[in-house]
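**Q** From the sequence below, what's the structure:
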Amino acid sequence: MTPGRLDDLARGLGDAWARAVTVAAPTTVEPSLTTLDAYAIQDLIIQGRMGTGRKIAGWKLGLTSSDPPQTPIVGTLLDDMVVGSGTELSLATMVKPMVEAECVVKIGETIGKPVSVDDLLAGPHLLGPGIEVIDYRTVDSRGSIDWIADNSTVAYAVVGDLTPVSDVDAAAIEVSLASDDTELANGRGSKVMGNPLAAVAWLSGHLSGRGRVLARDDVVLTGSLTGHHLVTGAETEYHADFGELGRVSVRFTS
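**A** Predicted coordinates:
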């Protein structure tokens, strides 16, 4: 794929994100796109948004809880995409948002090489409850190549209070996701690659292979524990109870 064509696709997707509209999925117009092409498109979109003053704040992992297992996909979090528990988000900034409960890891020291779960447990990293708001800005997506190009479909990362990773057994965490007073789903930390920290360990190798690092203070969405659930309308609150790890919520407005 030529650099010019990748740039065209990135501009279309970037504009769709900015205006909260949809465009054709990249593989429907360029069937020969590869995974490497998709990450190149994502990088171009992120560079464009950083040109308006945004900064990289972390990473989103997807497909880490797939059954059967699949190769995870990665999206980029910018600083205006990471928000605290209780935040109100306008539906006007998204196309058709969905929510899912996830464990969040905040990186306590820069990681520039592949590491293990044990390495992470020995480091100054933090773990907490999170909700990912996902949003597809493409139509007729055919799979991971389209999702990666669309920044792995992430819109926002909602982050609750954090605690040292060594204080909690991430694999044993139980979570319940609810809309107002209606439970939508529940899950367990082990659903994500056996342990959410295993997803972060995988990410360290992936980023190293792309010449990137996990920087200190990066936020990592480790993957869905509850499946994704469509936001049904304005003035709805979604909350996830992670037991000893805490609670996190987000409200949607018109």
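
**Q** can you pull up the bridge partners for Pro129?
**A** Pro129 has these beta-bridge partners by DSSP bridges: Cys103.

**Q** residue contacts, it?
**A** For Pro129, the contacting residues are 85, 101, 103-104, 159-161, 175, 240, 242, 245-248, by C-beta atoms under 8 Å, 6 or more residues apart in numbering. C-beta here means a position set from N, CA and C on the backbone, and glycine is covered the same way.

**Q** Please pick the buried ones from those.
**A** With neighbours counted by 16 or more other C-beta atoms under 10 Å, these contain buried members at 85, 101, 103-104, 159-160, 175, 240, 242, 245-246, 248.

**Q** If we only consider those, which is nearest to Asp169?
**A** Closest to Asp169 out of these is Leu245 (10.0 Å), distances taken as C-beta to C-beta.

**Q** what is the residue nearest in space to the middle of the chain paired to in the beta sheet?
**A** The centre of the chain sits closest to Lys60, judged by C-alpha atoms, centre = their mean, with a distance of 2.8 Å. Counting by DSSP bridges, Lys60 forms beta bridges with Gly75, Leu221.

**Q** Near Gly226, how many residues? Count them for me, please.
**A** Slight slip there: residue 226 is Thr, not Gly. 23 (other C-beta atoms under 10 Å).

**Q** Asp241 versus that one, what's the distance?
**A** Using C-beta to C-beta, to the nearest Å, we find Thr226 at a distance of 11 Å from Asp241.

**Q** any common contacting residues for these two?
**A** Among the neighbours of Thr226, those also in contact with Asp241 (C-beta under 8 Å, 6+ apart) are Val175.

**Q** How is Arg54 assigned, secondary-structure-wise?
**A** For Arg54, the assignment made with DSSP: H, G, I helix; E, B strand; the rest coil gives coil.

**Q** Please name the residues that touch it.
**A** Shown in contact with Arg54 (C-beta under 8 Å, 6+ apart): 78-80.

**Q** and which of the residues you listed is nearest to Ala199?
**A** Using C-beta to C-beta, Leu78 comes nearest to Ala199 of those, at 20.2 Å.

**Q** returning to what we had before: tell me the one among the buried ones among the contacts of Pro129 nearest to Ile148.
**A** Top of the list for closeness to Ile148, among these and by C-beta to C-beta, is Val104 at 20.9 Å.
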